[in-house]
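Q: Need coordinates for the following:
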Amino acid sequence: MKNVIIFGPPGAGKGTQSEKIIEVFGFTHISTGDVFRWNKANQTPLGLEAQKYMDKGELVPDELTIRMLKDENAKYPDAKGMLLDGFPRTVPQAEALDLILEADGEKVDLVIQLDVPEEVIRERIAKRAESSGRADDAEASTVERRMKEYFEKTIHVIPYYEVQDKVLKVNGVGSIDSIFELIAEGIRKQVVQDDHVRIYCQSGKGGAGSASLRREKFVDKGGPDGGDGGRGGHIILKSSSHKWTLLHLRYFKHIKADAGKPGGKQGSTGADGQDIILEVPVGTIAKTEDGEVLAELTEEGQEEILLEGGKGGRGNTHFKSATNQTPRYAQPGLQGKEALVILELKVLADVGLVGFPNAGKSTLLAAITAAKPKIADYAFTTLTPNLGIVPYRDYRSFVMADIPGIIEGAAEGKGLGHRFLRHIERNSVLLFLIPADAEDYHKEYHILLGELEKYNPELLDKDRLIAISKSDLLDDELKNEIQKELKGDFEFIFISSVSQEGLDVLKDRLWKMINDKEG
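A: Numbers count the residues shown, from 1 in each chain. This is a model prediction of the structure:
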């Protein structure tokens with residue numbers, strides 16, 4: 001069982017983000033206030049015990065509160081984790097929670113802190129009071145008390161978890177979706193592993209053929225008219241650029257397609273069983289337990305049948321013969337296939353192109369591969385990765401990915417934000433493109449590096465090569481000036497997708513980097 005805590009002052013958006021966490025990750029959302037109210041209203045043993053302390057004006061012991069929370073979580077046996085909201089509020093409560101979880105062989109896996117300035121909080125609460133009519137938002141004294149409780153007491157729980165390296169601090173100002181992307185990324189990295197899943201798949205059984213005999217008035221010995229059974233449903237993989245991980249499949253341990261329908265009279269064929277289509281990210285490989293590759297999805301929208309449905313049985317019309325004019329036999333449908341399938345996310349490409357919008361990434365990909373990315377003179381032409389195979393010497397090749405352009409602030413979700421950065425993680429070598437008409441080469445390069453580092457410092461460990469693109473805009477004198485200016489700062493090469501300058505050198509350098517890495 002995974003245990004996640006969400007912190008934030010009143011109006012920070014904990015409830016909204018909790019709903020999205022539940023939907024995506026399958027956790028149970030447990031609010032301390034809701035649990036207390038339910039136990040009191042239903043006069044449960046724990047509720048009655050808590051009431052005794054409250055009647056005396058005493059605080060409910062932390063151990064009793066945690067027992068309530070655990071009991072509440074037990075109501076949802078299929079939940080993948082517990083999302084706590086409103087507890088712990090103090091360091092002693094946090095310590096007590098750790099002890100009780102430890103006794104059950106569990107721990108707090110992640111603490112999400114929604115960071116929102118006080119002035120924004122007050123503005124949100126005022127608007128929420130107008131629209132929702134919530135009493136706890138309408139009373140100024142109540143709002144002040146809740147704010148004081150959080151900023152004077154609850155906030156001090158954060159350092160307790162910071163020393164355990166469990167706090168994910170999230171900027172709570174922005175759109176609901178952009179904030180959730182930051183939260184989801186943290187959960188994926190620190191709580192769940194989403195680069196491979198194991199699922200049991202079973203395709204549908206074929207429908208039985210019909211042994212129907214023709215029955216019509218005034219027609220003796222009408223003969224067979226049974227139709228064939230329908231095909232069983234396939235299990236199909238389909239790649240989608242809207243999927244970034246395999247997490248959505250982690251909680252579907254058994255996937256079974258429908259059986260085909262039986263054949264009918266008058267030669268009617270039964271309907272095919274409904275196919276199950278599993279959407280997966282581009283770059284997904286399906287394997288058996290023995291490592292046999294069943295399918296590899298490398299292109300957007302690619303579909304591969306993972307397990308074929310069983311064939312429908314043949315109706316009795318197929319078995320009519322000179323010696324048997326009225327066969328009463330029809331074939332049963334064939335069984336579907338079943339297998340334990342392992343889905344893995346492989347590296348998206350050998351080389352990922354990194355650069356600002358309009359750095360020439362799509363043009364380069366089109367120039368050295370057979371890919372046909374959309375190219376235009378405006379930002380964010382590329383909205384999803386384009387893959388191309390770069391032919392090399394002696395019939396060798398490597399894969400290059402043109403990835404949506406980065407802008408300053410991408411690590412905070414600006415521009416295409418994390419949609420871009422997720423793809424960068426899945427490339428072996430990074431090729432930075434800085435256009436020849438850039439105002440400041442140093443600044444552009446270091447902004448790109450900075451955004452990668454803020455998103456994931458490990459990205460800076462990847463091998464990288466810098467290229468000054470659009471070099472056809474430069475004469476020899478300008479190139480010499482640039483070489484003098486950048487000498488000693490970083491190594492680079494000049495390339496032009498239009499004039500083909502430097503492209504062979506580029507491929508040589510990239511090939512060596514890829515193979516040195518693999519070696």
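Q: domain ranges for the protein?
A: Taking automatic domain parsing as the domain assignment, the record places the domains of the chain at 2-190, 193-346, 349-518.
Q: Start and end of the first one, how far apart?
A: Going back to what we said before, that points to domain 2-190. Using CA to CA, to the nearest Å, the end-to-end distance of domain 2-190 comes to 11 Å.
Q: what pLDDT, on average, does that domain get?
A: Taken as a whole, domain 2-190 has a mean pLDDT of 80.
Q: what's the answer for the last one, then?
A: Taken as a whole, domain 349-518 has an average pLDDT of 75.
Q: Check which helices and strands the one helix or strand residue 504 maps to sits against.
A: Under DSSP states H and E, the secondary-structure element containing residue 504 is helix 503-518. Helices and strands in packing contact with helix 503-518 are listed as strand 349-354, helix 361-368, strand 397-402, strand 427-435, strand 463-469, strand 492-494; criterion 3 or more CB pairs under 8 Å, 6 or more residues apart in numbering; DSSP states H and E. No exception for glycine: its C-beta is placed from N, CA and C like everyone else's.
Q: now the angle from that helix to strand 349-354?
A: 120 degrees (axes from the mean of the first three to the mean of the last three CA atoms, to 10 degrees).
Q: most packed of the helices and strands packed on helix 503-518?
A: With neighbours defined by mean count of other CB atoms under 10 Å, none of the helices and strands packed on helix 503-518 is more surrounded on average than strand 349-354, at a mean of 26.
Q: related to what we said a few turns ago, mind putting the helices and strands packed on helix 503-518 into JSON lines with distance to residue 216?
A: Written out in JSON lines, the entries for the helices and strands packed on helix 503-518 read as follows (distance: least, CB to CB, whole Å):
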{"stretch": "strand 349-354", "distance to residue 216": "65"}
{"stretch": "helix 361-368", "distance to residue 216": "66"}
{"stretch": "strand 397-402", "distance to residue 216": "64"}
{"stretch": "strand 427-435", "distance to residue 216": "68"}
{"stretch": "strand 463-469", "distance to residue 216": "77"}
{"stretch": "strand 492-494", "distance to residue 216": "83"}
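Q: closest to residue 322 out of these?
A: strand 397-402 (60.1 Å; CB to CB).
Q: Please name the strands paired to that closest one in the sheet, noting orientation.
A: Partner strands and pairing direction for strand 397-402 (DSSP bridges) are strand 349-354 (parallel), strand 386-391 (antiparallel).
Q: Test my guess that residue 288 contacts residue 338.
A: No - using CB atoms under 8 Å, residue 288 and residue 338 do not qualify as a contacting pair, with a distance of 11.8 Å.
Q: Please work out how many residues are found near residue 396.
A: Counted by other CB atoms under 10 Å, the residues lying close to residue 396 total 10.
Q: whoops, I mixed them up, residue 498
A: The burial count for residue 498: 13, using other CB under 10 Å.
Q: swap in residue 56?
A: The burial metric for residue 56, expressed as a neighbour count using other CB under 10 Å, is 8.
Q: One more: the one 5 residues further on?
A: The local packing count at residue 61 equals 13, with neighbours defined by other CB under 10 Å.
Q: same check, this time on residue 507
A: Residue 507 is surrounded by 18 other residues when neighbours are defined as other CB under 10 Å.
Q: The host helix or strand of residue 450 - contacts with which helices or strands?
A: For residue 450, the element it lies in under DSSP H and E is helix 441-455. Applying 3+ CB pairs under 8 Å, 6+ apart, we find helix 441-455 packed against helix 417-424, strand 427-435, helix 476-486.
Q: who's in contact with the last one?
A: Helix 476-486 is contacted by residues 441, 442, 468, 471, 474, 492, 494 when judged by CB atoms under 8 Å, 6 or more residues apart in numbering.
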